[in-house]
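Participant: Let's see this in three dimensions:
(one chain, ligands or ions: 1)
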Amino acid sequence: MAIKIILADSAGVCFGVEKAVSSAESELKSSKRVSSYGPLIHNPQSIEKLEKQGLNVINEINNQKGTIIIRAHGITIDEESKLNSNESKVVDMTCPIVKRLQFAVKALTEESYHVIIVGDYNHPEIIGAKSYGNNNVSVIQSIEDIKKLRITTKKIGIVAQTTIPVENFWEVVNEFKKNKELDIKVIDTLCDDIHNKQLEAKEIAKDVDIMLVIGGRNSSNTKEIAKLCKEINNSTYQIETFKQLKELNLNLKNKTVGISAGASTPPWIIKETIDKLMMAK
Ligand code: SF4
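Facilitator: Numbering: from 1, shown residues only. The predicted model follows:
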């Protein structure tokens, strides 16, 4: 069967994830005991591969020895100081863009702003970034959440989870700006790589029969790309591997298939999916 594939140029790993994974691989070559505090990145297949090379994913800081890598999404200030007081060697692989968010929260707090982070309260990146705000931080997901806030100060600082759609962020900012009594300071902490992925995937989704977004079920940026594409093209599916695509039992005959992938999806999974798709009968 003839399948036409349109692969997004922006699909797959970003520089932050690439750096975290390559640093873990080089630590694994030179050190006997290497752990990551929490999953290094949100891609189960990549983590499985690293675990086979010897990486140990830990969820508690418990006087571990050897090398401990801080994941790309970052951790809280308390966790970081706990790690640093261990006997282990700490390798900080927090993505620089996530660091920028952490520093923005810290700077706004120091300037006495109440910080609003637009994003997912439960995401590790937000739990980490929030800790830089000295309890002076609220997390909201959308403009609907603004009315639930109980803030007494008029100084409002606004930042974003790095991976949310740009429109969601500015919608919240513009809503706050309607209140002329507020002193508002906005720091754009969005990740350009994710923004490009979202834009390109949406463009491709318009023109294809089926849109595939490859990436971990636990990867928020992959879920977000899939959600945006689904709004445009109802035949959008998020898959982690080709096996999951097969299980969907889609009719791919003579179809045009668009492919994008989240920032944690390694190139070998994208390639494997395309190769198997081209050979599918
Ligand atoms: S998606 Fe952006 S913020 Fe997240 S790790 Fe990659 S470069 Fe950093």
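Participant: Could I get the contacting residues of residue 31?
Facilitator: Applying Cβ atoms under 8 Å, 6 or more residues apart in numbering to residue 31 gives the contacts 66-67, 89. C-beta: built from backbone N, CA, C; applies to glycine.
Participant: quick check, nearest of these to the ligand?
Facilitator: Checking the contacts of residue 31 against the ligand with Cβ to the nearest ligand atom, the nearest one is residue 67 at 20.2 Å.
Participant: separation between the closest one and residue 204?
Facilitator: 40 Å (Cβ to Cβ, to the nearest Å).
Participant: And residue 77, by the same measure?
Facilitator: The spacing between residue 77 and residue 204, counted by Cβ to Cβ, is 40 Å.
Participant: between those two, which one's more packed in?
Facilitator: More crowded of residue 77 and residue 204, by other Cβ atoms under 10 Å: residue 204, with 22 against 15.
Participant: Hmm, residue 258 and the more buried one touching each other?
Facilitator: Yes - look at residue 204 against residue 258 with Cβ atoms under 8 Å: they come within range, at 3.9 Å.
Participant: list residues touching both of these two?
Facilitator: Shared contacts of residue 204 and residue 258, defined by Cβ under 8 Å, 6+ apart, are found at 6, 8, 211, 229.
Participant: Kindly write the PyMOL command that selects the buried subset of those.
Facilitator: The buried residues among those can be selected in PyMOL (16 or more other Cβ atoms under 10 Å) with this line:
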select buried, resi 8+211+229
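Participant: can you give me the helices for the chain?
Facilitator: 15-30, 44-52, 77-85, 96-110, 124-130, 166-177, 192-207, 220-232, 242-247, 267-279 (DSSP state H).
Participant: elements contacting the third one?
Facilitator: Taking 3 or more Cβ pairs under 8 Å, 6 or more residues apart in numbering; DSSP states H and E as the contact definition, the neighbouring helices and strands of helix 77-85 are strand 67-70, strand 89-92.
Participant: From the opening residue of stretch 237-244 to its closing one, how far?
Facilitator: From its first residue to its last, stretch 237-244 covers 10 Å (Cα to Cα, to the nearest Å).
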